[in-house]
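[1] Provided below are the primary sequence and the corresponding predicted coordinates.
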2 protein chains.
Amino acid sequence: MKNYVEQLRKEHGLNQDELAKILRVSRQTISSIENGKYNPSLELAFAISDFFQKTIEEIFVYERGTKK
Amino acid sequence: MKNYVEQLRKEHGLNQDELAKILRVSRQTISSIENGKYNPSLELAFAISDFFQKTIEEIFVYERGTKK
DNA sequence: AGAATATGTAAAGGAAACTTGACAAAACAC
DNA sequence: GTGTTTTGTCAAGTTTCCTTTACATATTCT
């Protein structure tokens, strides 16, 4: 599953640390998500979605069936 | 965060075991999600969303800021 | 160049999601 | 009612998400 978190973050003029603080997660969590190391929890996906005012589907691209 | 998984499952005439098999998770996972014991991963949320042909936002209701 | 800022990554640990196996209780037959 | 199906739940274990701390590499700015 890919995502547009890095792109959206930069559009908002934020660095990883600033976004992390806004979302109340660690900077490493943001980095890991941006680099596809793992997917966020549904909770965090909603928080990201909420902050960027986009739907989850606009930010996270699920590839049906492909297991990751 | 609440969800409409049980309602959608019943509308589709499925029991927990059948839905679990379709989504390739255990029946306990379906039960736990329906009863709010924990939230699904983003991956599983997408699989559910995909199967029921609804957006994640239509199935899972996020309460902003409330931490759970 | 050097200094400051931003990002990648690794280790070790905790918390949440998910597993299998089992059993009890509830719901639905007949 | 008894029997069958469905659901709730518990225990114990694995995997994934997320943490803190730390350091290395990049990027940016004088």
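    That came in fine, so what should we check first? Predicted, not measured: the structure shown is a model, and the values here were computed from it.

[2] and the residue nearest to A:E43 when sequence neighbours are not counted, helix, strand or coil?
    Distances taken as C-beta to C-beta, 6 or more residues apart in numbering or on different chains place B:N39 nearest to A:E43, at 5.9 Å, with adjacent residues excluded. (Each C-beta comes from the backbone N, C-alpha and C, glycine too.) Following DSSP: H, G, I helix; E, B strand; the rest coil, we place B:N39 in the coil state.

[3] please give me every residue in contact with A:T55.
    A:49, B:55-57 (C-beta atoms under 8 Å, 6 or more residues apart in numbering or on different chains).

[4] now do A:F51
    Neighbour list for A:F51: A:22-23 [criterion: C-beta under 8 Å, 6+ apart].

[5] and A:S41, bridged to which residues?
    Per DSSP bridges, the residues bridged to A:S41 are B:S41.

[6] circling back to that earlier point, verify the stated contact: the residue nearest to A:E43 with A:L44.
    No - judged on C-beta atoms under 8 Å, B:N39 makes no contact with A:L44 at a distance of 10.2 Å.

[7] looking at those two, which has the bigger crowd around it?
    B:N39 (20 against 17; other C-beta atoms under 10 Å in any protein chain shown).

[8] contacting residues for the more buried one?
    A:41-43, B:1, B:33, B:45, B:60.

[9] and the helices in chain A, which stretches?
    For chain A, the helices defined by DSSP state H cover A:5-11, A:16-23, A:27-34, A:42-52, A:56-59.

[10] hang on, the earlier thing: closest one of the contacts of B:N39 to DNA strand D?
    A:S41 (3.1 Å; C-beta to the nearest atom of the strand).

[11] OK, contacts around that closest one?
    Contacts of A:S41 by C-beta under 8 Å, 6+ apart are B:39, B:41-42.

[12] fine by me, thanks again.
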